[in-house]
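Task: produce atomic coordinates for the following.
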Amino acid sequence: KYPALTEDEEKISIPLQTMCGAIFDSILVQIVMTVEPTKWQSLRSEMCEALNLKKNDHTLGIIDNTYSDYDIIFLQEAAANLIELARSDDQISSVFEVLAPAAMSKRNQNSAILLRKSTFDVSTVTEITTQVESELPEKAPVATGDIFSITVNGAGDDSASKYMLASFHGD
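Numbering: from 1, shown residues only. Predicted structure coming up:
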């Protein structure tokens with residue numbers, strides 16, 4: 001994915017990343033042991049629950065409570081299960097059409113688009129991701145799921161309008 005790196009540099013980067021991760025973790029442990037020496041395990045559990053275990057619930061809540069009045073929501077690095085949860089969420093799916101690329105990322109980092117059903121004629125959605133990707137330079141560092149592109153027509157009074165939308169995550 002990163003053409004600027006040689007194979008040898010890629011091989012070296014794995015142990016280097018592991019070491020950096022270990023250093024980062026030891027810094028975090030030092031911080032929590034300094035701040036809350038007797039309660040750091042419960043603090044760690046609370047953080048894991050908030051940031052990892054309930055990440056999808058929090059994300060869906062943010063979409064529903066903060067962005068429910070938006071016409072378009074672009075998501076990047078969305079796991080396939082988050083997309084499915086959004087599609088099955090009664091509040092979100094009643095307002096938005098939840099769209100994702102036909103080819104989903106094996107890394108579980110997908111771009112997605114939520115369209116307000118009253119603003120767009122979702123029956124006219126056409127995925128054009130392949131065409132968009134074909135316009136990129138040959139060595140562009142783009143993986144499956146990084147780009148999701150569609151065309152769609154407006155709805156109601158805006159039905160004559162045609163839109164091209166793209167959700168993109170790049171490194």
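
Which secondary structure state does the nearest residue in space to residue 127 that is not next to it in sequence sit in?
Distances taken as Cβ to Cβ, 6 or more residues apart in numbering put residue 150 closest to residue 127, at 5.5 Å, once the chain neighbours are dropped. Yep, even glycine has a C-beta here, placed from its N, CA and C like the rest. On the three-state scheme (DSSP: H, G, I helix; E, B strand; the rest coil), residue 150 is labelled strand.

swap in residue 166?
strand.

which parts of the helix ranked longest in the chain are buried?
What stands out as the longest helix in the chain, according to DSSP state H, is helix 7-35. By neighbour count with 16 or more other Cβ atoms under 10 Å, helix 7-35 contains the buried residues residue 32.

Show me what it is packed against.
Secondary-structure packing of helix 7-35 (3 or more Cβ pairs under 8 Å, 6 or more residues apart in numbering; DSSP states H and E): helix 40-48.

buried stuff in the following helix or strand past the helix it packs on?
The C-terminal neighbour of helix 40-48 among helices and strands, as given by DSSP states H and E, is helix 55-66. Neighbour counts using 16+ other Cβ under 10 Å place 56, 59, 60, 63, 64 of helix 55-66 among the buried residues.

Dump the helix or strand residue 91 falls within to PDB, restricted to CA.
According to DSSP H and E, residue 91 maps onto helix 90-95. Output in PDB follows, covering the C-alpha atoms of helix 90-95 (Å, rounded to 0.1, in the frame of the first residue of the first chain):
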ATOM      1  CA  ASP A  90     -35.000   2.000  13.700                       C
ATOM      2  CA  GLN A  91     -34.300   5.700  14.300                       C
ATOM      3  CA  ILE A  92     -31.400   6.000  11.800                       C
ATOM      4  CA  SER A  93     -32.900   3.800   9.100                       C
ATOM      5  CA  SER A  94     -36.200   5.600   9.200                       C
ATOM      6  CA  VAL A  95     -34.400   8.900   8.300                       C
END
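
In the chain, what helix or strand scores lowest on average pLDDT?
When each helix and strand of the chain is scored by mean pLDDT, DSSP states H and E, helix 40-48 comes last, with a mean of 82.

residues in contact with that helix?
29, 32, 33, 36 (Cβ atoms under 8 Å, 6 or more residues apart in numbering).
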